[in-house]
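**Q** sequence first, then the predicted structure, then my questions.
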Amino acid sequence: MILISENITADIDPFLPTNEQEPIFILTDTNTEIYCLPLLKTHPRLSNAHVITIPSGDEHKNLNSLTEVWHYLSDNGATRHSLLINLGGGMITDMGGFAAATFKRGMDFINIPTTLLGAIDAATGGKTGINYLGFKNEIGAFAPAKAVIINSRFFETLDMPNLLSGFAEMVKHALIADSDLLQKTLSFDLDNIDYKALLHLTKTNLDIKAKIVAEDPHELGIRKALNFGHTFGHAFETLSYQTREPMLHGYAVIWGLVCELYLSYTQLHLPQKTVMDVLYFAKENYGTFPFSCKQYDALFELMKHDKKNEAQEINFTLLSDVGHVEINQKTTKEAIFETLDWLQSM
Ligand SMILES: NC(=O)c1ccc[n+]([C@@H]2O[C@H](COP(=O)([O-])OP(=O)(O)OC[C@H]3O[C@@H](n4cnc5c(N)ncnc54)[C@H](O)[C@@H]3O)[C@@H](O)[C@H]2O)c1
Ligand SMILES: [Zn+2]
């Protein structure tokens, strides 16, 4: 269940364990502990909840942090009927969801996304997991949260890069949904954010995602639409972790979208205007594309590792038009390198 909430302490009530003796755990990172936990703690039953805090940053979505969560739950009497509240961005909801899904073979968890990316994407849809051996989300499980409660008050303390990171997923949803939404999304005033309008756009995005996930919860078919931009995007993100300043997920995704739009144009005749509109939006808001031809081979190797692949072939989701998704598209190494050359030249 996904709730857009004006009053989080009232709205969380029905999801708390009925047995008042059952312990409640809140997982935060070092930032959400400061910016978001105080509001949650105003609820009488949460004021004394156990708080597990791990350092912020995606590099901590790892086995060490996961072990810490399991250890804490175990040491503090968590049972299958206890509740874990994941209060944070995608790092916390991914890892906390996985910790809950595996602890004693599964305890309930609620996600309260505190980043735009979390609200739009990570906290809903049931994908949980951690990074492992340098690969994003290498270990994980499908496990839906008992509830996802979204309150836009949390977005107000987010810095601009993290806001833009979430916004890239909104561009993705608009591209796979319809051209009116795409125009509305690309013209959203990011210099002067209207949080009410942003929440409204968030709702529309959640409906798009929920409809696709309901049709194909385990990503056997149409759910791959949600991976648009992510074959290149995950390769950019992973490589950035190995060679330079880590890129935020949405920054990798926006360049991934641009690349996969270009492939859609060359392979499926997507109108060129769509490619250029998103390219200009990316350049205006997300800076310059940060990779060079020296990294093409490494990027290609990473794409070969993508979870959507079957039998060693790289599997892309492409568009024949805005709102017209074509899954399981194959392409050549040459076409991938040509796409990167094109983006570098723009
Ligand atoms: N499960 C999925 O379907 C899915 C989908 C997309 C992304 N993801 C995952 O989500 C993660 C990225 O999520 P993210 O961008 O939310 O990252 P994040 O959780 O690391 O949060 C980004 C930064 O914002 C800080 N922060 C969080 N809430 C804040 C607030 N309200 N005010 C101020 N600062 C705040 C965090 O401490 C962190 O420094 C990645 O691990 C990615 O793989 C998962
Ligand atoms: Zn994403």
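**A** Yep, it's here. Ligands and ions are numbered 1, 2, ... in the order given.
**Q** can you list the residues of this structure near ligand 1?
**A** 29, 31-32, 35-36, 56-58, 61, 88-92, 94, 114-115, 117-118, 121-122, 125, 127, 136-137, 154, 157-158, 162, 165, 249 (C-beta under 6 Å from any ligand atom). (Glycine included, C-beta is placed from N, CA and C.)
**Q** and those residues, which are buried?
**A** With burial judged by 16 or more other C-beta atoms under 10 Å, the buried subset of the residues of the chain next to ligand 1 is 29, 31-32, 35-36, 56, 58, 61, 88-92, 94, 114-115, 117-118, 121-122, 125, 127, 136-137, 154, 158, 162, 165, 249.
**Q** which non-adjacent residue is nearest the most centrally placed residue in the chain?
**A** In the chain, the residue lying closest to the centroid (C-alpha atoms, centre = their mean) is A122, at 3.6 Å. Spatial nearest neighbour of A122, chain neighbours left out: G90 (3.0 Å); criterion: C-beta to C-beta, 6 or more residues apart in numbering.
**Q** the one you found contacts T115, correct?
**A** Yes - if you go by C-beta atoms under 8 Å, G90 and T115 touch, sitting 6.8 Å apart.
**Q** show the contacting residues for K283.
**A** Counting by C-beta atoms under 8 Å, 6 or more residues apart in numbering, K283 touches M346.
**Q** how near is it to G250?
**A** As judged by C-beta to C-beta, to the nearest Å, K283 and G250 stand 15 Å apart.
**Q** contact partners for the nearest residue to S179 once chain neighbours are set aside?
**A** With sequence-adjacent residues excluded and distances taken as C-beta to C-beta, 6+ apart, S179 is closest to V322, at 4.4 Å. Contacts for V322 were tallied using C-beta under 8 Å, 6+ apart; they are A174, L175, A177, D178, S179, L182, L270, T274.
**Q** next SSE downstream of the helix or strand hosting the first one?
**A** Per DSSP states H and E: A174 is located in helix 160-177. The first helix or strand that comes after helix 160-177 along the chain, using DSSP H and E, is helix 179-186.
**Q** what's the angle from that next one to helix 160-177?
**A** Angular relation of helix 179-186 and helix 160-177 on a 0 to 180 degree scale: 170 degrees, by axes from the mean of the first three to the mean of the last three C-alpha atoms, to 10 degrees.
**Q** please identify the buried residues of helix 179-186?
**A** Neighbour counts using 16+ other C-beta under 10 Å place L181, L182, T185, L186 of helix 179-186 among the buried residues.
**Q** again with stretch 147-166
**A** Across stretch 147-166, burial judged by 16+ other C-beta under 10 Å covers 147-152, 154-155, 158, 162-166.
**Q** identify the farthest-apart pair in those.
**A** Pairwise distances across those (C-beta to C-beta) peak at 27.4 Å, for the pair A147 and L164.
**Q** picking up where we left off before, can you tell me which of the buried ones among the residues of the chain next to ligand 1 are in helices?
**A** Using DSSP state H to define helices, the subset of these located there is N31, T32, Y35, G90, M91, I92, D94, L117, N162, S165, H249.
**Q** need those in CSV with pLDDT and distance to T9, can you?
**A** CSV is the format used below for these (pLDDT from 0 to 100; distance: C-beta to C-beta, whole Å):
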residue, pLDDT, distance to T9
N31, 98, 20
T32, 98, 16
Y35, 97, 16
G90, 96, 23
M91, 96, 24
I92, 98, 19
D94, 97, 25
L117, 95, 24
N162, 96, 24
S165, 96, 27
H249, 92, 29
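**Q** just the closest of those to ligand 1, please.
**A** Distance to ligand 1 across those (C-beta to the nearest ligand atom) is lowest for G90, with 1.9 Å.
**Q** can you pull out the low-pLDDT segments for the protein?
**A** Applying pLDDT under 70 to the chain flags residues 244, 306-312.
**Q** need the longest strand for it.
**A** The residue-count maximum for a strand in the chain (DSSP state E) belongs to strand 135-142.
**Q** what's the domain layout of this protein?
**A** As given by automatic domain parsing, the domain ranges for the chain are 2-157, 163-345.
**Q** so L27 makes contact with L84?
**A** Yes - using C-beta under 8 Å, L27 is in contact with L84, at 6.2 Å.
**Q** overlap in contacts, those two.
**A** G96, A99.
**Q** and which of the buried residues of stretch 147-166 is nearest A214?
**A** V148 (14.2 Å).
**Q** for the residue in the stretch 151-300 of the chain positioned nearest to ligand 1, list the residues it contacts.
**A** Going by C-beta to the nearest ligand atom, ligand 1 is nearest to T157 of the stretch 151-300 of the chain, at 3.6 Å. Counting by C-beta under 8 Å, 6+ apart, T157 makes contact with Y35, C36.
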